[in-house]
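Asker: Whatever this is, show me its structure:
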Amino acid sequence: MLKNAEEVLIDSYEHYAKQTYRNRCEIYGANGKLNLTIPLVRRGKRVPVNDAQIENDFGWRKLHWRSIESAYRSSPYFEFYEHHFIPIFEKEHTHLFQLNQEIQNKIIQILDLGVIIKETESYQKDHSGYTDYRDTIHPKIAPKNKLADKRYIQVFESKYGFIPNLSILDLLFNEGPNAISYL
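Answerer: Modelled structure (predicted):
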């Protein structure tokens, strides 16, 4: 979606929805699919996504980075890209939206996508002129895209087979500059 877009509008005031990819991703670890979840401060309902706060008392950043490093250290491009992501995991973000923006911007920079990202200034029920993808990708709904069946080499593929729909980090660390062609 981002690869083919000139401009993307992110609704930074939509209500935070639990059990979505907003605070989690899946990577391919030595024992198969591994879920990495960022803990959040529990608050009332209807919290705008840009106000969701990260619970930093659990040491999740170090645990997540170790998991990523363990999963991808032997991948072809991990050493080429790791220096881009280490500072993100070393920094203590207070809000999930800020962390996601930083990761998103780093991926856009690495892949040289040239897309312009804009944020809303208030909740937008309808996005005139934009395609609404807010509920398109969800961990509990099987994806309906062409990439779901498209394969690339994965580190532990010989052990567990190909696992589709993992974090962009899986594609980047395994395919490097070819990731853009895959997308």
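
Asker: So what's the residue count around P164?
Answerer: 15 (other CB atoms under 10 Å). Where you see a C-beta, it was placed from the backbone N, CA and C, and this is true even at glycine.

Asker: same check, this time on the one 10 residues further on
Answerer: Applying other CB under 10 Å, we find 22 other residues in the vicinity of N174.

Asker: repeat for L172
Answerer: 26.

Asker: how much space between it and L183?
Answerer: 10 Å (CB to CB, to the nearest Å).

Asker: Overlap in contacts, the two.
Answerer: L111 (CB atoms under 8 Å, 6 or more residues apart in numbering).

Asker: Please enumerate the strands of this structure.
Answerer: 7-10, 24-29, 32-37, 116-119 (DSSP state E).

Asker: Tabulate the CA atom coordinates of the first one in CSV.
Answerer: Read that as strand 7-10. The C-alpha trace of strand 7-10 is given here as CSV (Å, rounded to 0.1, in the frame of the first residue of the first chain):
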residue,chain,number,x,y,z
GLU,A,7,0.5,10.5,0.1
VAL,A,8,-0.9,8.7,3.2
LEU,A,9,-3.2,10.1,5.8
ILE,A,10,-3.0,8.5,9.3
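
Asker: and it, how far from the chain's centre?
Answerer: 16 Å (CA atoms, centre = their mean, to the nearest Å).

Asker: need the longest helix for the protein.
Answerer: Longest helix of the chain, by residue count under DSSP state H: helix 96-110.

Asker: List of residues touching it?
Answerer: 2, 12, 16, 22-23, 38, 40, 49-54, 81, 84-85, 88, 91, 93, 113-115, 117, 168, 172.

Asker: do the same with stretch 153-163
Answerer: 28-30, 32-33, 71-72, 74-75, 151, 170, 174-175.

Asker: Nearest residue to K45 in space, please, no chain neighbours.
Answerer: In this structure, K45 finds its nearest non-sequential neighbour in H15, 7.7 Å apart by CB to CB, 6 or more residues apart in numbering.
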